[in-house]
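S.K.: here's a sequence, model it:
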Amino acid sequence: MPYVLIVEDDADTRTMLATLARTQQLACDTAATLEEARTLVSTHTPDLVLCDLVLPDGNGMDLFDALPKRAHCEIVLTTGHASLETAIDALRRGATDYLVKPLNMQRLNSIFARVPRTTALHEEIAELRSELQRLGRFGRMLGSSPAMQAVYDAIGRVARTEASVLLTGESGTGKELAAQTIHDLSLRRRGPFLAINCGAIAANLVESEMFGHDRGSFTGAERQHKGFFERADGGTLFLDEITEMPLESQVKLLRVLETGRLTRLGSTREIDVDVRIVA
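M.R.: Numbers count the residues shown, from 1 in each chain. Prediction:
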């Protein structure tokens, strides 16, 4: 049975997280301090660690050093003291996700739900990377120059995380190819990958195409329509030329990213979606 370790100093939050993990048929231990967590990790390597960033006896990121170097263990950090600096530091040190309190239940359920398949996918992805390296390739990308090796290294680091990714570069340099490679080498590789050119969608149709609409929500809406987010559920959505999206739509996009929920045009019902964004 997959094993989860919850490291959280607040007793109520710790109990809630442990209960949620067990409802997903996961074995679970809890710790209130860094010292307790290190003791538990030394006897049994978890498949997932959900760890508070600020603990009574230290920083949650210090737990990285207690884990075996080659362990296929996901680490998700939680904090009520979020900053861009700590988020970047956490992802660089190997965290797969970074959650801000109050915790989003839909995100938590998604994280716990993928634990049973994580180990098998890690092994599959490792074999794929090894085979591609032998063939002189990296995902769908070709090239062995120092510049390309640096790109491969960056993609390899970010692919195994759940972080949203912003790709920059001139038109025609292969941003969509890089996005596809990130998806192919991630734990979402069995889910859908949708590439959308935001600049090619008419301004009055952006919200309908992104978030969907219900029948009768506007003139010509004769049937229900699932947007890109619903169609990419469980996978990756590549939003090319995202700066071309109208500002009003960008605000709604931000809300979906923050909450993991959307509302179709003409509806009041919120829909949970689990989508990783590359833009």
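S.K.: is it true that Glu4 touches Val115?
M.R.: If you look again at residue 4, you'll see it is Val, not Glu. Yes. Under the contact definition of Cβ atoms under 8 Å, Val4 touches Val115, with a separation of 6.5 Å. C-beta: built from backbone N, CA, C; applies to glycine.
S.K.: name the residues contacting each of those two.
M.R.: Leu26, Asp47, Leu48 (Cβ atoms under 8 Å, 6 or more residues apart in numbering).
S.K.: can you pick the most crowded of those?
M.R.: Neighbour tally across these (other Cβ atoms under 10 Å): the maximum, 24 neighbours, falls on Leu48.
S.K.: is it bridged to anything, and to what?
M.R.: Beta bridges link Leu48 to Val4, Glu74, judged by DSSP bridges.
S.K.: where do the strands sit along the protein?
M.R.: Here the chain has its strands, by DSSP state E, at 3-7, 27-31, 48-52, 54-55, 58-59, 74-79, 97-100, 137-138, 141-142, 193-197, 236-240, 261-263, 270-272, 276-278.
S.K.: residues contacting Ala150?
M.R.: Neighbouring residues of Ala150 by Cβ under 8 Å, 6+ apart: there are none.
S.K.: let me fix that: Asp274
M.R.: Gln106, Ser110, Asp233, Gly234, Gly260.
S.K.: and if you look at Ala27?
M.R.: Applying Cβ under 8 Å, 6+ apart to Ala27 gives the contacts Met1, Pro2, Tyr3, Val4.
S.K.: mind putting the residues you listed into a markdown table with pLDDT, neighbour count and distance to Gly143?
M.R.: Formatted as a markdown table, the contacts of Ala27 follow (pLDDT from 0 to 100; neighbours: other Cβ atoms under 10 Å; distance: Cβ to Cβ, whole Å):
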| residue | pLDDT | neighbour count | distance to Gly143 |
| --- | --- | --- | --- |
| Met1 | 80 | 9 | 43 |
| Pro2 | 84 | 19 | 37 |
| Tyr3 | 90 | 18 | 40 |
| Val4 | 93 | 26 | 39 |
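S.K.: what's the farthest-apart pair in these?
M.R.: Spatial extent of the contacts of Ala27 (Cβ to Cβ) is set by the pair Met1 and Val4 at 9.9 Å.
S.K.: okay, and the common contacts of the two?
M.R.: By the contact definition Cβ under 8 Å, 6+ apart, Met1 and Val4 are jointly contacted by Leu26, Ala27.
S.K.: under the pLDDT cut-off, which ranges of the stretch 101-250 of the chain? List them.
M.R.: Scanning the stretch 101-250 of the chain for pLDDT under 70 picks out the ranges 116-139, 216, 219-221.
S.K.: need the helices for it, in chain order.
M.R.: 105-134, 146-159, 175-184, 206-211, 228-231, 247-259 (DSSP state H, counting those that start in this stretch).
S.K.: can I get those in JSON lines including distance to Thr33?
M.R.: JSON lines is the format used below for the helices of the stretch 101-250 of the chain (distance: least, Cβ to Cβ, whole Å):
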{"stretch": "helix 105-134", "distance to Thr33": "22"}
{"stretch": "helix 146-159", "distance to Thr33": "29"}
{"stretch": "helix 175-184", "distance to Thr33": "36"}
{"stretch": "helix 206-211", "distance to Thr33": "43"}
{"stretch": "helix 228-231", "distance to Thr33": "39"}
{"stretch": "helix 247-259", "distance to Thr33": "30"}
